[in-house]
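# Curious how this folds, go ahead:
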Amino acid sequence: MKFMHRCLMATLFLGMMVSQVAFAQENVDKDKIKKELQTFVEDFADAYASIPQTKNKSEVLKYFSKTATSNIFVFNISGKSRVSNSTYAGFEAYLNNILRASNLSLTYNVGNIAYTHLGNKNSTLVYTVDYETKEENGIWVKGKETVTMALERMSGEWKVVHYTIMQVEDEKLKGTCLCELFVSQGDDAEVIAKTTIPEGRSYSKKFDSFEFKTIGNDKLIKVGNYVFKRTKSGELFALEADEDVSIGVTTGQRETVLSIIRDYLYKDSCTRLKTKTNK
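Presented below is the predicted three-dimensional model:
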């Protein structure tokens, strides 16, 4: 009886020792994985933010499985939202757009990692980001993101297999503008333009009246205190005090109005111009 009791006690003691070792090993493994994922996020952030300078798309893509999918939800400064789903190919196309952009810089500052689910083969993490995108001479857009990544270990390396982004724009000083044109009848008809432009934490609406007058082979266009000239060959100029400033070449009344809005009046606010014509 005493022998059986001693065997039972020895078994319990051994079991406790094995459990403690296994528990300690599990903690060591989780600490190791947590550090791996911290490094993973930091290295990815550095590679992504520096891509306009390095032009190294593969250095960013290497963190993603080629089967990766994504869901992106954006709240813009107007309070509207949009949702998009994408793939590895879609993310690569997005990076191509960054590479084609002129004088673009990215800021992608990772905050805290708010949540982790750690495993040897599969892990999940959630982190926050302060981002800012600058294009040419001003802030284009900045805001905050909450990013969730699902990762798998593949051939000894972590790869993103799915990610979701919740993006909230805080400020936009440059971006897509919307222009509605109200056109009267006739070659020299007046055109009223209502242009919606990003202005910090909201959008503003600008109303401009375009008055056309034919003088010889040229057309003069008056917009508020500005005067423009379009020649017979289609060259468009702003008539400033010291010199005539070339804006571009246009082919008609509508294109002339849009060119003045996009390339002169609101060139510091509008990277693109969506249009709608009302008659």
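# if you go through the stretch 1-150 of the chain in chain order, where are the helices?
For the stretch 1-150 of the chain, the helices defined by DSSP state H, counting those that start in this stretch occupy 2-49, 51-54, 57-61, 88-100.
# in the last one, what counts as buried?
Okay, so that is helix 88-100. Y88, F91, E92, L95, I98 (16 or more other CB atoms under 10 Å). (Each C-beta comes from the backbone N, C-alpha and C, glycine too.)
# who are the neighbours in contact with F91?
Residues in contact with F91 (CB atoms under 8 Å, 6 or more residues apart in numbering) are L61, F64, A68, S70.
# what about the first one, how many neighbours?
For L61, the number of neighbouring residues by other CB atoms under 10 Å comes to 15.
# Could you double-check that it sits in contact with L95?
Yes - the criterion here is CB atoms under 8 Å, and L61 meets it with L95 at 7.3 Å.
# all strands of the stretch 51-200 of the chain, in order?
Remark: strands assigned in the stretch 51-200 of the chain by DSSP state E, counting those that start in this stretch are 64-75, 81-87, 104-117, 122-135, 138-154, 157-172, 175-183, 191-199.
# closest one to F40 among the ones you listed?
Counting by CB to CB, F40 lies closest to strand 157-172 out of the strands of the stretch 51-200 of the chain; the figure is 5.3 Å.
# on contacts alone, who are the packing partners of the closest one?
helix 2-49, strand 64-75, strand 138-154 (3 or more CB pairs under 8 Å, 6 or more residues apart in numbering; DSSP states H and E).
# Just the buried positions in the second one, please.
What that stands for is strand 64-75. Residues F64, S65, A68, T69, S70, I72, V74 are the ones in strand 64-75 that count as buried (16+ other CB under 10 Å).
# what's the answer for the last one, then?
Judged by neighbour count (16+ other CB under 10 Å), strand 138-154 contains these buried residues: W140, V141, K142, G143, E145, T146, V147, T148, M149, A150, L151, E152.
# quick check, nearest of these to I260?
Distance to I260, by CB to CB, is smallest for W140 among the buried residues of strand 138-154, at 22.0 Å.
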